[in-house]
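Peer 1: Coordinates for the following, if possible.
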Amino acid sequence: MDVRAYLDSTYLKTNQQANLSEAENVLVAKSFIEEAIREHFKLIMIRPDRVALAKKMIQEAQSNVLVGTVIDFSKGQSDLATKLAEAQQAIVDGADDLDFVCNYEAFKRGEIALVKEEILKGTQMGLAHKKTVKWIIEVAALNNGQIIQLSALIKNVVMQNFKEEQYAAVFVKSSTGFYVTPNNEPNGATVETIKIMLENASPLPVKAAGGVRNYADAVEMIQLGVQRIGTSGAKAIVDGANTQNGY
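Peer 2: Numbers count the residues shown, from 1 in each chain. Down below sits the predicted model:
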């Protein structure tokens, strides 16, 4: 199986997280973009301030690689106006996919109206500009019951407010890759969490992010039913190696 069409090759480290200068980190970002173009991955997932750079490089290469970015990353706790302003700028800069971090902590506190409002407004903005929208629920911060409930909540907001032909453009996504878990427990997609998401998000598509370490993992996720895989080790996965990256 050629898994390239499922892979969102991902580089989201800030200068501080990478322990690099701005110039050095731009070079790393460029190397990920160049690799995505060369390997014909589905998408390059990059921080918002790198979207315009990625779009320019892809257009110059006459490539079909999509550009994705993250909104309200990595905790998802900004107010709605901040989320929407960041998404609007990403659209202006040329992003094709908008991966919003859902305010999962508000959801856990029972602030359901707040969460529904951000899902509705963020999805409306993305779809109005013909973008793909993904909602990151951060499975490592939730128990299985909460994964069921939040996946279903997103599904219900979409089904109640958008047309059936738009469902394919709104994903439920597992993880940011930046959530710190106790005792080094997995912070990304697992087979168990992805099965729960698929059962409760359908007919919305699901993206498995983090936790996919090799080609066999990728194939397993695809066979389960995921339509995208987020990984910082896309090349290693395609080459049949184990990725050593944390996401």
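Peer 1: what sits against residue 80?
Peer 2: 114, 117-118, 121 (Cβ atoms under 8 Å, 6 or more residues apart in numbering). All C-beta spots, glycine's among them, are computed from the backbone N, C-alpha and C.
Peer 1: now, which of those residues lie within helices?
Peer 2: Judged by DSSP state H, those include 114, 117-118, 121 as members of helices.
Peer 1: now, among those, which is nearest to residue 30?
Peer 2: residue 118 (32.3 Å; Cβ to Cβ).
Peer 1: What distance do you get for the closest residue to that closest one other than its chain neighbours to residue 186?
Peer 2: With Cβ to Cβ, 6 or more residues apart in numbering as the criterion, residue 118 has its nearest non-adjacent residue at 5.2 Å, and that residue is residue 80. Distance, residue 80 to residue 186, by Cβ to Cβ, to the nearest Å: 30 Å.
Peer 1: thinking again about what came up before, list only those of the ones in helices among the contacts of residue 80 flagged as buried.
Peer 2: Among the ones in helices among the contacts of residue 80, the ones that count as buried by 16 or more other Cβ atoms under 10 Å are residue 118.
Peer 1: Can I get the ones in helices among the contacts of residue 80 in JSON lines including pLDDT and distance to residue 235?
Peer 2: Shown next, in JSON lines, are the ones in helices among the contacts of residue 80 (pLDDT from 0 to 100; distance: Cβ to Cβ, whole Å):
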{"residue": "114", "pLDDT": "98", "distance to residue 235": "39"}
{"residue": "117", "pLDDT": "98", "distance to residue 235": "39"}
{"residue": "118", "pLDDT": "98", "distance to residue 235": "34"}
{"residue": "121", "pLDDT": "98", "distance to residue 235": "36"}
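Peer 1: State the helix or strand in which the residue nearest the centre of the chain lies.
Peer 2: With distances taken as Cα atoms, centre = their mean, residue 99 lies nearest the centre of the chain, 4.8 Å away. Taking DSSP states H and E as the definition, residue 99 sits inside strand 97-101.
Peer 1: Could you check how far that strand is from the centre of its chain?
Peer 2: Relative to its chain's centre, strand 97-101 lies at 6 Å (Cα atoms, centre = their mean, to the nearest Å).
Peer 1: Okay, now the sheet partners of that strand, with direction.
Peer 2: According to DSSP bridges, strand 97-101 forms sheet pairs with strand 66-71 (parallel), strand 132-136 (parallel).
Peer 1: any chance of these in JSON lines, with mean pLDDT, mean neighbour count and distance to residue 180 too?
Peer 2: Putting the strands paired with strand 97-101 into JSON lines (pLDDT from 0 to 100; neighbours: other Cβ atoms under 10 Å; distance: least, Cβ to Cβ, whole Å) gives the following:
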{"stretch": "strand 66-71", "mean pLDDT": "98", "mean neighbour count": "26", "distance to residue 180": "17"}
{"stretch": "strand 132-136", "mean pLDDT": "98", "mean neighbour count": "26", "distance to residue 180": "15"}
